[in-house]
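Visitor: Here is the input, now give the coordinates:
(4 chains)
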4 protein chains.
Amino acid sequence: MALRVAVAGASGYAGGEVLRLLLSHPEVEIGALTGGSNAGTKLGELQPHLLPLADRVLEPTTTEVLAGHDVVFLGLPHGQSAAVAEALGEDVLVVDCGADFRLKDPADWERFYGSAHAGTWLYGLPELPGHRAALKGTKRIAVPGCYPTAATLALFPAYAAGLAEPEAVIVAASGTSGAGKSVKTHLLGSEVMGSVSPYGVGGVHRHTPEMSQNLTPVAGEPVTVSFTPMLVPMSRGILATCSAKAKPGVTAGDLRAAYRAAYGDEPFVHLLPELQWPQTKSVAGSNNALVQVVLDEHAGRIIAISAIDNLVKGTAGGAVQSMNIALGLPEQLGLPVNGVAP
Amino acid sequence: MALRVAVAGASGYAGGEVLRLLLSHPEVEIGALTGGSNAGTKLGELQPHLLPLADRVLEPTTTEVLAGHDVVFLGLPHGQSAAVAEALGEDVLVVDCGADFRLKDPADWERFYGSAHAGTWLYGLPELPGHRAALKGTKRIAVPGCYPTAATLALFPAYAAGLAEPEAVIVAASGTSGAGKSVKTHLLGSEVMGSVSPYGVGGVHRHTPEMSQNLTPVAGEPVTVSFTPMLVPMSRGILATCSAKAKPGVTAGDLRAAYRAAYGDEPFVHLLPELQWPQTKSVAGSNNALVQVVLDEHAGRIIAISAIDNLVKGTAGGAVQSMNIALGLPEQLGLPVNGVAP
Amino acid sequence: MALRVAVAGASGYAGGEVLRLLLSHPEVEIGALTGGSNAGTKLGELQPHLLPLADRVLEPTTTEVLAGHDVVFLGLPHGQSAAVAEALGEDVLVVDCGADFRLKDPADWERFYGSAHAGTWLYGLPELPGHRAALKGTKRIAVPGCYPTAATLALFPAYAAGLAEPEAVIVAASGTSGAGKSVKTHLLGSEVMGSVSPYGVGGVHRHTPEMSQNLTPVAGEPVTVSFTPMLVPMSRGILATCSAKAKPGVTAGDLRAAYRAAYGDEPFVHLLPELQWPQTKSVAGSNNALVQVVLDEHAGRIIAISAIDNLVKGTAGGAVQSMNIALGLPEQLGLPVNGVAP
Amino acid sequence: MALRVAVAGASGYAGGEVLRLLLSHPEVEIGALTGGSNAGTKLGELQPHLLPLADRVLEPTTTEVLAGHDVVFLGLPHGQSAAVAEALGEDVLVVDCGADFRLKDPADWERFYGSAHAGTWLYGLPELPGHRAALKGTKRIAVPGCYPTAATLALFPAYAAGLAEPEAVIVAASGTSGAGKSVKTHLLGSEVMGSVSPYGVGGVHRHTPEMSQNLTPVAGEPVTVSFTPMLVPMSRGILATCSAKAKPGVTAGDLRAAYRAAYGDEPFVHLLPELQWPQTKSVAGSNNALVQVVLDEHAGRIIAISAIDNLVKGTAGGAVQSMNIALGLPEQLGLPVNGVAP
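Guide: Sure, this is the predicted structure:
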């Protein structure tokens, strides 16, 4: 019997991508679609690429509309997920694509988000040690941020194997869909094309504590993160260039062995052959993450690079992957493993 | 039992896209992959987005390698398909993504391609009147050109209903993948980005006679085509702006009725709601064609616009769709119906 | 002695480009810069590419602020130019980059703009027969629309020489800066990149009557225009593909002679050598227009293509060129003649 | 009297950009233009944006052709500059846009370039302490690499003021013109658009020792550089994200003071107001470098970011700037200070 799935916030980029994936998911029947200011509008006007749903009309995001589903995906503005989730009841699987329940430390939340901490849900990054098992049967999933997904997948094997010093430098280039669909002058096509724009520089980007939160437990010591994001002229994709000093005596072979051990059996994360580097187009539209790592012996640093599609593995694909695990379905169900290139 | 399918020319854009689609096709087992100068190379180096095939090694394009398959897709340079097809035998389904067998009139072929005409195969545009039925059971399919696919889908309903004068003006913008993967200075990213470049202007582009060949039978009178293509800064997609004088007395209602009749039951071609215009991103990665039509009463012209992904509906998707029909499989099998947007 | 020049609407794309050009103009001293909602903001935050003016603060667009200048450029929303111009007095040269004073026929204005006609100023396209002479000494200049500039330069020599039938089909691809700096969802980079989007299809775009107005007098008969614009993924540039049936007996030689005659002495409009087609990147940042024309003998049509930078020759450069003529300065003063490529 | 200037390698991106700048230089008369395989071709076919030179024919790169000029710019493949320069004589100013004479240490050269070291010329980065004075009157200038220009301008003030630890991490995003005009599959527009691609990762990129060479003398201790470059989907521009641990006790005020001191009087390098970050579009087509710096107190790192146009400040503009200094001309002559945006 099909799962009945609702998507709250179906007019945004995260909601639209969840729908694109669910339309190919063999166990899912798409239920209510809701929007904020777009309630009452046909989805065909807002997401013209989702042809099978073109005539569906967005409903308001209310408890009544979202009731009666097995799974509810939330693609809502910060701060709105808690109230919706509470009203849905404990037997509904709620998958939050927003940030509200990602951070464990209330002080981190308050410092970076400037509001009261709503709580912590299970963090939906199955590849992190222990996370896949924990996700089974859960009813509340916090989907990781797109940058933390990319950075964590690039670096955690090095930390898990004790190869890297606990000060990571992460510089990540993102397509503009990561900034969402709200209209701001600096996100206009005329501004974006032909330009690279850093933002949130100097330790103030909200994804910074999430990266530390992911890496610290696997490292067994506090990992400090210096994170600089930038927008580049493309719609989708993140390339995260991550580095840390190698611990004394670490060899290239140690590194390669650590990444092979971490990703040898993973369905979506792939260590590339030596000398081949990830590029974002290879993963466009797919749930894959490509990873490569090298030891710069002169500088004494481990350089690890990952490429993901920020809307798939970085948001909607990660969300569906975690949903599959939570519900006991095959983990890869409905998730594309080929990029759309060129 | 799975069909065994080979792809000749697997390192190019057409071959790569055929593979991307076949990887999701439930009835297909991917057999031999061949390349010209790339024979001996792993596909992972040439098509890094096709992860499940990363370790497959390209073989040379020989009769021996291609033997023993149920279906062979050809993505070869002009003039090479005939010899390969002949050697394969009459019981193998051969789907040619190249131009060799598209044109019926040898004079057209010789004038536009400058070589001897190889012959004519069934033209794989199922939406054209009579073509779907003819494709059933065939063993030789000529996949239409990308521009003719877009232009024909935009215009033929107007001609089929006798609404348009037989002089069509077609201006089409294409992503650069339509120009293939061979390296030429004007196709460098540095040249392409920020630029629109027309080419083949003045009636000399090779797709011109193919458009006439498609429209003339449905019009019941010879249709002259003025065709101007241009490259725009994107990888995928064609937007074809097509117009013709309206026959006397034609109304907007006539037009709409004609297009509804033509596309009401089509699985991949969609007439958009009034006032909504096709854009290429809506069909990226999918086998859809979006069409809209309007009557410009002041100028007395019918304006019809279509959007396709040149590599999917314009090449590989059209090829798989025709294969499905030829083999008696459900027409939509393995073909994406949602665009990858934004 | 330097001319004192004010720019009203300095935070927009037109105003910014006027400033970029004026900063290199040897006879100009930049005076007041005004903005609407941006009054009080430093220009460095709004136009960070104009470094020499980074510390200038935008003032409100009032008569007092704009008084005391020799020249005032207006880059204002539709309908606001008349009041400002009236208050400035008749001895100030006012150059309106907006549409308010472009159309001669009040009925055209009312039909396409939906408001009362403000009047008609001298039309600043010096290359059109008679216009250069008329501009000398004028105090009011209506800067042509960007699409009409491109289409008129592509087609008028054919009409002036009596070679083309009076029904023109114009399909033009524009960079997104032509849509301005106001924030709308469909202009977001995430939407624009990877997509071609037609709009204003079917004879409803406001630049349509302006094209007819330009071509009709040179043709000596009413010229009907079918115009379809589309946005393509780049910031700047217009490529206009224009065609019309050739009059009986017209030869390729006639065409070439007509265009040579029209543009042989023009400083900014260049007929390319045969077989070379204009591309937008060649004119990026410059005031040039590149033009090519060919006779498609099979279809019986003249195909003329032009490329301009919509913000330079299509707006700010055309404005400065007309200012130079009006003031008796050398026409090329301050205007770049080399494109910024690649 | 005008300087007579030749450009060897006029068909490439560096040579083309040198020409674009020289065409606006009031003291320059453009002499011989040479090419390798393009000798005999009109420049209008190769660099269609340089309209004033469209009819000039490229000559072969020989001593005879290059003789009789006051200045010769070299935009040649690696290893060809030495022979040409030697033949030109010591009284001709030779400005090499290539790498041959940039490195001081022959061991560095041999390790990174794999050939015998040709020698060392004066390094044309006037903003580096001591370099402006040294350039006056010189006859041989090695134009810095584009990445080293960006990285050095971002970091050297921190090192000059003793604020940064001597291990720098540099991640730089570049437009594709930095990879030159030679045709390679991975530089095709279809590959580049929609993708970010790192390359030369792990300490092997040739610009790495050049960065150390620049920073070590100002730091007064050996500076180790970890450098990762990536190509992003745009033609022009470099954004360099550079960081290093802050020395103990360093404050945000120290940093700001150091950068103000370094750049307060520089004509082309600008420290942005606090909280405003450089973006590449702001400097497109101009010789400017925009710089911003911040102290990440949590991570204990100095983050400095610079934006340049790789073809202007990063190549041709830097070359002309150094030429101006060498010849005793005003340093800013012929060099644009406004970016072409949007």
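Visitor: Next, the distance between the ends of stretch A:120-130.
Guide: 16 Å (C-alpha to C-alpha, to the nearest Å).
Visitor: Show me what counts as buried in that stretch.
Guide: By neighbour count on 16 or more other C-beta atoms under 10 Å in any protein chain shown, the buried set for stretch A:120-130 is A:120-128. For the C-beta atoms, the positions are set from N, CA and C on the backbone; glycine is no exception.
Visitor: residues from chain A in reach of chain C?
Guide: A:13, A:175-177, A:179, A:181, A:183-185, A:187-194, A:233-235 (C-beta under 8 Å from any C-beta of the partner chain).
Visitor: What subset of those is buried?
Guide: By neighbour count, with 16+ other C-beta under 10 Å, the residues of chain A next to chain C hold A:13, A:175-177, A:179, A:181, A:187-194, A:233-235 as buried.
Visitor: how about the residue in the stretch 201-342 of chain A that chain C sits nearest to, what does it touch?
Guide: The stretch 201-342 of chain A approaches chain C most closely through residue A:235 (4.7 Å), counting by C-beta to the nearest C-beta. Residues in contact with residue A:235 (C-beta atoms under 8 Å, 6 or more residues apart in numbering or on different chains) are A:175-177, B:341-342, C:189-190, C:193-194, D:194.
Visitor: What is the longest helix along chain A packed up against?
Guide: Counting by DSSP state H, the longest helix found in chain A is helix A:146-160. Secondary-structure packing of helix A:146-160 (3 or more C-beta pairs under 8 Å, 6 or more residues apart in numbering or on different chains; DSSP states H and E): strand A:164-174, helix A:208-219, strand A:224-231, strand A:238-246, helix A:252-263, strand A:289-296, strand A:301-308.
Visitor: pLDDT of it, averaged?
Guide: Mean per-residue pLDDT for helix A:146-160: 98.
Visitor: do the same with stretch A:84-103
Guide: The model assigns stretch A:84-103 a mean pLDDT of 96.
Visitor: Could I get the full set of helices for chain A?
Guide: Secondary structure of chain A (DSSP H): helices located at A:13-22, A:43-46, A:63-66, A:81-88, A:106-113, A:131-135, A:146-160, A:189-192, A:208-219, A:252-263, A:317-327.
Visitor: Give me the most central residue, chain A.
Guide: residue A:314 (2.7 Å; C-alpha atoms, centre = their mean).
Visitor: how close does the closest residue to residue A:221 other than its chain neighbours sit to chain D?
Guide: Excluding its sequence neighbours, the residue lying closest to residue A:221 (C-beta to C-beta, 6 or more residues apart in numbering or on different chains) is residue A:166, at 5.1 Å. Distance, residue A:166 to chain D, using C-beta to the nearest C-beta, to the nearest Å: 11 Å.
Visitor: And residue A:20, by the same measure?
Guide: For residue A:20, the distance to chain D - C-beta to the nearest C-beta - is 17 Å.
Visitor: Repeat that for residue A:239.
Guide: 4 Å.
Visitor: and if you look at residue A:39?
Guide: In terms of C-beta to the nearest C-beta, residue A:39 sits 32 Å off from chain D.
Visitor: contacting residues around that residue?
Guide: Here residue A:39 is in contact with A:58-61 (criterion: C-beta under 8 Å, 6+ apart).
Visitor: between these, which has the most around it?
Guide: For the contacts of residue A:39, neighbours were counted using other C-beta atoms under 10 Å in any protein chain shown, and residue A:58 has the most, 26 neighbours in all.
Visitor: show me the contacts for residue A:90.
Guide: Residues near residue A:90 by C-beta under 8 Å, 6+ apart: residue A:139.
Visitor: for the closest residue to residue A:234 other than its chain neighbours, phi and psi?
Guide: Spatially, and ignoring its direct neighbours in sequence, residue A:234 is nearest to residue A:175 (4.4 Å; C-beta to C-beta, 6+ apart). With angles defined as degrees, to the nearest 10, residue A:175 sits at phi -70, psi 160.
Visitor: Looking at the stretch 51-200 of chain A, what residue ends up closest to chain D?
Guide: Counting by C-beta to the nearest C-beta, the stretch 51-200 of chain A gets nearest chain D through residue A:195, at 3.5 Å.
Visitor: per-residue confidence for that residue?
Guide: Confidence for residue A:195, expressed as pLDDT, is 98.
Visitor: Any idea how many residues pack against it?
Guide: Using other C-beta under 10 Å: residue A:195 sits among 30 other residues.
Visitor: one step back: count the residues that sit near the residue nearest to residue A:221.
Guide: Per other C-beta under 10 Å, the neighbour tally for residue A:166 reads 18.
Visitor: what sits against it?
Guide: A:159, A:216, A:219, A:221-224, A:244.
Visitor: So which of these wins on neighbours?
Guide: For the contacts of residue A:166, neighbours were counted using other C-beta under 10 Å, and residue A:244 has the most, 27 neighbours in all.
Visitor: that older thread, just send the contacts of residue A:235 back as CSV, with distance to residue B:275 too.
Guide: As requested, these are exported to CSV (distance: C-beta to C-beta, whole Å):
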residue, distance to residue B:275
A:175, 30
A:176, 27
A:177, 26
B:341, 20
B:342, 21
C:189, 24
C:190, 23
C:193, 24
C:194, 23
D:194, 29
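Visitor: where's the residue nearest to residue A:221 relative to residue A:219, distance?
Guide: From residue A:166 over to residue A:219 the distance is 6 Å, taken as C-beta to C-beta, to the nearest Å.
Visitor: With residue A:19 instead?
Guide: From residue A:19 across to residue A:219, the span is 37 Å (C-beta to C-beta).
Visitor: what do you get for residue A:168?
Guide: 9 Å.
Visitor: before we move on, what about residue A:277?
Guide: In this view, residue A:277 and residue A:219 are 25 Å apart by C-beta to C-beta.
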